[in-house]
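A.B. asks: no sequence on this one, just coordinates:
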């Protein structure tokens, strides 16, 4: 069980990054949800860094790049800061 945790965290960071890049956000979250999301991303990134010796180097580098990419996306624009997604648009009513 403990041997699967680094792989699960790496997969989680990669999934979060891919969803942030390819899925368009349609609404801003509440401030508490935004902060919680950023804390969870930072915690997952910190855990992956601390468990780097328990996973293959290619997976660690990929997870590290995706984790840093999640925070890089947040600095792309104001809507990216709030949503955590690279693209934002309102749905037509």
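C.D. replies: Arrived safely. Since this is a predicted model, take the numbers as computed values, not measurements.

A.B. asks: what's the single longest helix in the protein?
C.D. replies: Secondary structure of the chain per DSSP state H: the longest helix is helix 31-50.

A.B. asks: chain center to the helix or strand just after that helix: distance?
C.D. replies: Remark: after helix 31-50, the chain's next helix or strand is helix 57-74, criterion DSSP states H and E. Offset of helix 57-74 from its chain centre (Cα atoms, centre = their mean, to the nearest Å): 8 Å.

A.B. asks: return the distance of the lowest-mean-pLDDT helix or strand in the chain from the chain's centre.
C.D. replies: Here the helix or strand of the chain ranked lowest by mean pLDDT, DSSP states H and E is helix 78-83, holding a mean of 94. Once both centres are worked out by Cα atoms, centre = their mean, helix 78-83 turns out to sit 13 Å from its chain's centre.

A.B. asks: for stretch 73-91, same thing?
C.D. replies: On Cα atoms, centre = their mean, the centre of stretch 73-91 falls 13 Å from the chain's centre.

A.B. asks: same deal with stretch 21-36?
C.D. replies: The chain centre lies 12 Å from the centre of stretch 21-36; the measure is Cα atoms, centre = their mean.

A.B. asks: one more: stretch 54-68?
C.D. replies: Relative to its parent chain, stretch 54-68 has a centroid offset of 13 Å by Cα atoms, centre = their mean.

A.B. asks: got the buried residues for it?
C.D. replies: The neighbour-count check on stretch 54-68 (16 or more other Cβ atoms under 10 Å) flags 55, 59, 60, 62, 63, 64, 66, 67 as buried. For the C-beta atoms, the positions are set from N, CA and C on the backbone; glycine is no exception.

A.B. asks: so who does the fifth one touch?
C.D. replies: It stands for residue 63. Residues near residue 63 by Cβ atoms under 8 Å, 6 or more residues apart in numbering: 9, 10, 13, 14, 48, 55.

A.B. asks: how close does it sit to residue 26?
C.D. replies: Applying Cβ to Cβ, to the nearest Å, the value for residue 63 to residue 26 is 28 Å.
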